Structures are given as C-alpha cells and as structure tokens.
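J.: Pasting the sequence and the predicted coordinates here, then a few questions.
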Amino acid sequence: MPSPEDHLMTSIIIAHRGLDETYPENTISAFKAALEMGMAIEIDVRGTSDDELIVLHDDTVDRTTDGEGRVAQMTLAEVKALDAGSWWNEKFAGERIPTLMETFDAVKEFGTAETSLVIEMKTLDPGCITKICDGLAERGLLGSTVGIGLIHLSVDVRRRFYEGSADFQCATGASTATELPVAIADPYSSWIYVRYVMSTEEVQAVHDGGKKIIASGPDIMTNLDNSVVSAKAGVDTIMSYHPDALAARLV
C-alpha cells in the first residue's frame with residue numbers, strides 16, 4: 001500500500017493555462033515550460049468563425065492580445081495575426097494564440113507525465129469532437145488527455161465524446177462530497193473533476209470505482225496547504241494557479 005509520502009511524489013501538478021505566472025497564459029511558451037518540468041497543462045479550447053479550434057480562455061481576444069473582438073466572429077487568420085505576448089511582457093512579443101493542433105504537437109514533443117493534458121471545452125463547435133479525438137489519436141495522446149469544461153458539466157457531451165472515441169477520457173464533476181456517488185457511477189467518464197478538498201477515504205472510494213481524480217476548485221487551486229492535503233490523500237492530479245510553488249512543496 002503506498003504511503004502518504006509516496007502520494008506527494010506521484011500526484012501530477014496541472015499548470016493552469018501553462019506556467020502563467022511566468023509566461024503569457026495559454027501560449028506555447030507557457031505550455032512548454034510546464035511540460036518540461038514534468039507537469040500537465042490545462043488549456044481552454046474554443047472555435048473561430050471558420051470552425052478552427054484555438055486555445056484561448058476568454059470569448060474575446062481583448063485581454064490577452066493587441067486586438068479586439070469576439071473569437072466566434074473572427075477567422076483563424078485574423079486570430080493568428082494578433083500578438084499574444086506583448087501584453088504580458090515585451091520579451092514575449094510576437095507570441096501567437098496557438099491552434100489546438102499546435103498545442104497537441106507541443107504536448108507530444110515535451111510532455112512526460114502520465115497525464116499531460118487537460119482540455120477545458122469552452123464551446124462545442126461543428127466537427128470539433130472528431131477533430132479532437134482524431135488529433136489526439138494521431139499523436140498517441142488519448143491515454144494522457146482528460147476532457148473537462150462542457151464535458152464534465154453534461155452527460156450528453158460526455159456521451160458524444162465517447163461515441164467519437166471510446167478511448168477519449170472524459171471527466172464528470174463533483175463539487176461536494178454528496179455528489180461523489182453519482183460521479184463514481186457516471187457511465188461515460190473515467191475521471192472525476194473534484195472541486196473540494198477530499199478525504200483519503202473519498203479518494204479510495206473513487207479509485208475503487210475505477211476512476212481517477214482531478215483535484216481543483218478555488219480552495220485547492222489558490223491554497224498550497226490544501227493542495228498538499230489533497231496530495232497526501234492520494235489524488236491523481238492537482239490543478240494549481242501556483243504550480244512552481246506547489247512543485248517545491250511536493251518533494
């Protein structure tokens with residue numbers, strides 16, 4: 001039986017939007033830096049007006065680029081023309097908003113963790129499920145990727161991804177302990193996106209149910225002490241706003 005100390009070493013840190021305390025969020029540079037440290041990355045996926053998939057958190061480009069406008073009303077070419085680095089620091093001038101496939105390529109090249117990618121679906125655009133499943137399969141990344149966002153919020157979306165590929169790993173959600181039994185029983189998920197601090201017994205119940213855990217939520221992502229408690233409880237992955245600092249604690 002693994003000891004609590006073993007769990008500190010084995011819980012994978014998920015860098016939220018990459019190493020976004022040091023690099024511009026949701027960019028290849030932020031992703032590469034986290035992946036090279038042995039972390040997973042969490043990314044936000046949405047579609048352009050020409051049904052291309054890009055990685056961007058907001059529904060507009062205003063906050064993180066030198067442009068403005070709603071992504072859903074912009075073409076990929078228009079999005080790619082924007083500078084996504086200078087807003088953070090001039091040394092990142094010329095950084096571009098990555099496409100999802102460019103991000104997959106970075107994960108394939110630099111990812112080393114057993115779980116290296118968490119995809120948060122912000123929109124569900126025509127053909128996106130096939131594109132995502134095929135893109136991951138072509139790069140051998142289905143086994144190291146988990147889907148959340150619209151996926152963990154809807155059993156219908158999980159079912160559609162399962163139909164796209166039975167090997168795509170969906171997460172369902174549990175915001176409280178009372179929601180955990182339903183999450184464990186969910187037929188279309190192999191992970192649970194848990195948004196509270198779990199006990200060791202609850203973690204064991206999830207694992208006994210054949211599922212893995214993403215520990216998340218504000219009480220974990222912003223609180224290093226709670227992240228360490230989660231690691232000691234045996235969670236599989238921990239999403240963090242402070243991945244560098246958390247890495248220093250989990251040694």
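T.: That came through, no problem. Numbers count the residues shown, from 1 in each chain.

J.: Hmm, residue 240 and residue 221 touching each other?
T.: Yes - between residue 221 and residue 240 there is a contact under CB atoms under 8 Å: 5.6 Å. (Each C-beta comes from the backbone N, C-alpha and C, glycine too.)

J.: Are there residues contacting both of the two? Which ones?
T.: 16, 227 (CB atoms under 8 Å, 6 or more residues apart in numbering).

J.: Can you find the helix or strand in the chain with the smallest mean pLDDT?
T.: Ranked by mean pLDDT, DSSP states H and E, the weakest helix or strand in the chain is helix 4-10, scoring a mean of 57.

J.: C-terminal to that helix, what's the next element?
T.: With elements assigned by DSSP states H and E, the helix or strand that comes after helix 4-10 is strand 12-16.

J.: just for the stretch 1-150 of the chain, where's the confidence low?
T.: 1-9 (pLDDT under 70).

J.: all helices in it, in order from the N-terminus.
T.: Using DSSP state H, counting those that start in this stretch, the helices of the stretch 1-150 of the chain run over 4-10, 28-36, 76-80, 100-110, 128-138, 150-153.

J.: what's the distance between the fourth one and the middle of its chain?
T.: For helix 100-110, the distance between its averaged C-alpha position and the chain's averaged C-alpha position is 13 Å (CA atoms, centre = their mean, to the nearest Å).

J.: Please apply the same query to the third one.
T.: Centre-to-centre, helix 76-80 and its host chain are 23 Å apart (CA atoms, centre = their mean).

J.: Buried ones in it, by neighbour count?
T.: Under the neighbour-count criterion of 16 or more other CB atoms under 10 Å, helix 76-80 has 76, 78-80 buried.

J.: what sits up against that helix?
T.: Here helix 76-80 makes contact (CB under 8 Å, 6+ apart) with 48, 50, 52, 54, 56, 61, 67, 69, 71, 96-97, 99.

J.: Can you name the two of those that sit furthest apart?
T.: Using CB to CB, these span at most 17.5 Å, a distance reached by 69 and 99.

J.: Looking at the two, which has the bigger crowd around it?
T.: Higher neighbour count among residue 69 and residue 99: residue 99, with 19 against 14, using other CB atoms under 10 Å.
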